[in-house]
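[1] quick one, structure for this:
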Amino acid sequence: MTGQSAAQGAGEGSAGSGAGLVRSAHERGITTLTLDSPENRNALSARLVGELADALARCAQDPRVRAVVLTHSGTTFSAGADLKRPANPYTFVALMRQIVELPKPVVARVAGRVRAGGIGLVGACDMAVADRASDFAFTEVRIGVAPAVISLTVLPRLDPRAASRYYLTGEEFDASAAQAAGLLTAVAEDVDEVLGGLLDGLRRASPHGLAEAKKLLTADVLEAFDRHAEDLVQRSASYFIRPEAREGVAAFLEHRDPAWVR
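    Numbers count the residues shown, from 1 in each chain. Next up, the predicted model:
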């Protein structure tokens, strides 16, 4: 299977649900959760974040689920925060922590663009695979803010020099650069071929073994949530009330350069 067919095919021969902004399908121990709001590029609205949190909670409690694949419909995994209908920052931080704490591996499957908060979701996942046409950008600085809360899941993944470059410039970088920086596990022409190999490995692992191994891998990240999440939420909120951010958001919504661009 190629492209979006893995997300669609994951439900073949098994029960799936399609109502709402997050679709769920299950096959052979793997539940695929598909962000399904392509009309706004799977922006992280309050509704989408809430539905994804609910779906992950069901996965955590379902003994049939060995691992979770997080993917998307449309050409964008997620464009980041929905600037018209934003999720509460505490809710989004809780969602990222939920992915990190889930006692089952979560694998991001990317075939398209990933921006800002969407990269926070990718960073929270235990593994992440993308096709070569995918691209990424920390666009926050270009609207007058900074990638605050997503630093909890992203900075532990990124090479420090790469983090400095992409955080400060907001420039787009391709999947190969994302892999070199530490954000991605693998990049391939056929993302589903690589994904299939990873999922076969997870199916061969015991549920308890997976849960305990994940605890070892995520301990430092969860400590960082405990130490820094509140401060980062407060910082993020303070950014958006500044005049620069108001101008940046307005410029983004009006499809123009902000006033500070020369």
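[2] show me where the stretch 101-250 of the chain has its helices.
    117-124, 151-154, 160-169, 175-181, 191-204, 207-240, 243-253 (DSSP state H, counting those that start in this stretch).
[3] among the ones you listed, which comes closest to residue 73?
    Among the helices of the stretch 101-250 of the chain, the nearest to residue 73 by CB to CB is helix 117-124 (13.6 Å). For every residue, glycine as well, the C-beta is placed using N, CA and C.
[4] using PDB, write out every CA atom in the closest one.
    Extracted C-alpha coordinates of helix 117-124, given in PDB (Å, rounded to 0.1, in the frame of the first residue of the first chain):
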ATOM      1  CA  GLY A 117       1.900  22.100  17.000                       C
ATOM      2  CA  GLY A 118       1.600  19.200  14.500                       C
ATOM      3  CA  ILE A 119       5.300  18.700  15.100                       C
ATOM      4  CA  GLY A 120       4.600  18.500  18.800                       C
ATOM      5  CA  LEU A 121       2.400  15.500  18.100                       C
ATOM      6  CA  VAL A 122       5.100  13.900  16.000                       C
ATOM      7  CA  GLY A 123       7.600  14.500  18.700                       C
ATOM      8  CA  ALA A 124       5.300  12.900  21.300                       C
END
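[5] what separates it from the chain centre, distance-wise?
    Relative to its chain's centre, helix 117-124 lies at 3 Å (CA atoms, centre = their mean, to the nearest Å).
[6] sorry, back to before: for residue 143, find the nearest of the helices of the stretch 101-250 of the chain.
    Of all the helices of the stretch 101-250 of the chain, helix 243-253 comes closest under CB to CB, at 3.4 Å.
[7] packing partners for that closest one?
    helix 207-240 (3 or more CB pairs under 8 Å, 6 or more residues apart in numbering; DSSP states H and E).
[8] can we see that at 7 Å?
    Secondary-structure packing of helix 243-253 (3 or more CB pairs under 7 Å, 6 or more residues apart in numbering; DSSP states H and E): no helix or strand packs against it.
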